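K.L.:
got a predicted structure plus its sequence, pasted below:
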Amino acid sequence: MTARVEHLVTSGTFELDGGSWDVDNNVWLIGDDREVLVVDAAHDATAIAEAVDGRHVVAVVCTHAHNDHVDAAPELAATTGAPVLLHPADDVLWKAVHPDRAPDGDLADGDVLTVAGTALHVLHTPGHAPGAVCLYAPELGALFSGDTLFRGGPGATGRSHSDFGTIIASLQTRLLGLPADTAVHTGHGPGTSIGAEAPHLDEWLARGY
């Protein structure tokens, strides 16, 4: 049986470089009736645990370590017994949020995580953050893009630890060559598809998006 994708929206603040913004985050649960993997434990561990509904949590995967994507991760891990996984290049961002609690394991490009018999391929896609990753599930025709790719363009790169050229390279080499019908499940806002976004790369380059 192929895993299914469940969606939860949580609300809180994003804080970086001395600023604070109200945000809504997409939390993704991938799995079946027995087990799930959580992508980006944002803001509300209790609400996410309720959505898990007693199932075994294989892992809490952080697409990157901006506070709005990891602030609830330790509490959710403590509640469910699941490991928190993060690419080590984002340690500096993680420590700014959780200085006394390290992630439980590292994510690396090429890793394959499995939940409910479904493979999730880890793609290191730096730019929005140095340790940003996406999860690609070919069997589901789905990409979980964190803040690397949104409807209408790449994630923001105007703050510390981000770089526009790097995120463009990540999009060119890792994401935009995926099948056009791949559904993109984003870290904020509505979803999109690879086919809808790939034709606009030159526009993003021209405007330095």
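P.N.:
Structure received. Numbering: from 1, shown residues only.
K.L.:
distance of residue 135 from residue 85?
P.N.:
Distance, residue 135 to residue 85, by C-beta to C-beta, to the nearest Å: 11 Å. C-beta here means a position set from N, CA and C on the backbone, and glycine is covered the same way.
K.L.:
between the two, point out the one with more neighbours.
P.N.:
A direct count of neighbours by other C-beta atoms under 10 Å for residue 135 and residue 85 places residue 135 higher, at 25 against 22.
K.L.:
pull up the overlap in contacts between residue 135 and residue 85.
P.N.:
Shared contacts of residue 135 and residue 85, defined by C-beta atoms under 8 Å, 6 or more residues apart in numbering, comprise 61, 113.
K.L.:
those helices in the chain, which residues are they?
P.N.:
Taking DSSP state H as the test, the helices found in the chain are 45-52, 67-70, 73-80, 91-97, 164-170, 194-197, 201-207.
K.L.:
ok, and which of those has the densest surroundings?
P.N.:
Neighbour counts (mean count of other C-beta atoms under 10 Å) averaged over each of the helices of the chain peak at helix 67-70, with a mean of 25.
K.L.:
hey, C-alpha coordinates of that helix in PDB?
P.N.:
Presented in PDB, the C-alpha positions along helix 67-70 are these (Å, rounded to 0.1, in the frame of the first residue of the first chain):
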ATOM      1  CA  ASN A  67      12.800  28.800  13.700                       C
ATOM      2  CA  ASP A  68       9.400  28.600  12.100                       C
ATOM      3  CA  HIS A  69      10.200  25.100  10.700                       C
ATOM      4  CA  VAL A  70      11.800  23.600  13.800                       C
END
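K.L.:
please begin residue numbering at 66 from this point
P.N.:
Happy to do that; since the first residue is 66 now, the last one works out to helix 132-135.
K.L.:
helices and strands around that helix, which ones?
P.N.:
Counting contacts by 3 or more C-beta pairs under 8 Å, 6 or more residues apart in numbering; DSSP states H and E, helix 132-135 is packed against strand 69-81, strand 84-96, helix 156-162.
K.L.:
so how far is residue 141 from the spatially closest residue to residue 101 that is not a sequence neighbour?
P.N.:
Excluding the flanking residues, the one nearest residue 101 by C-beta to C-beta, 6 or more residues apart in numbering is residue 94, at 4.7 Å. Separation of residue 94 from residue 141 (C-beta to C-beta): 11 Å.
K.L.:
quickly list what's touching both of these two.
P.N.:
Common neighbours of residue 94 and residue 141, using C-beta under 8 Å, 6+ apart, are 103, 113.
K.L.:
re the thing from before, so which of the helices and strands packed on helix 132-135 is nearest residue 180?
P.N.:
Relative to residue 180, the nearest member of the helices and strands packed on helix 132-135 by C-beta to C-beta is strand 84-96, separated by 5.0 Å.
K.L.:
residues of the closest one that come out buried?
P.N.:
For strand 84-96, the buried set under the neighbour-count rule, 16 or more other C-beta atoms under 10 Å, comprises 88, 90, 91, 92, 93, 94, 95, 96.
K.L.:
you'd agree the fifth one is up against residue 107?
P.N.:
No: counting by C-beta atoms under 8 Å, residue 93 sits too far from residue 107 to count as a contact (10.2 Å).
K.L.:
any stretches of this structure with poor pLDDT?
P.N.:
The model of the chain has pLDDT under 70 over residues 66, 274.
K.L.:
cutoff 90 now
P.N.:
Where the chain drops to pLDDT under 90, the residues are 66-67, 271-274.
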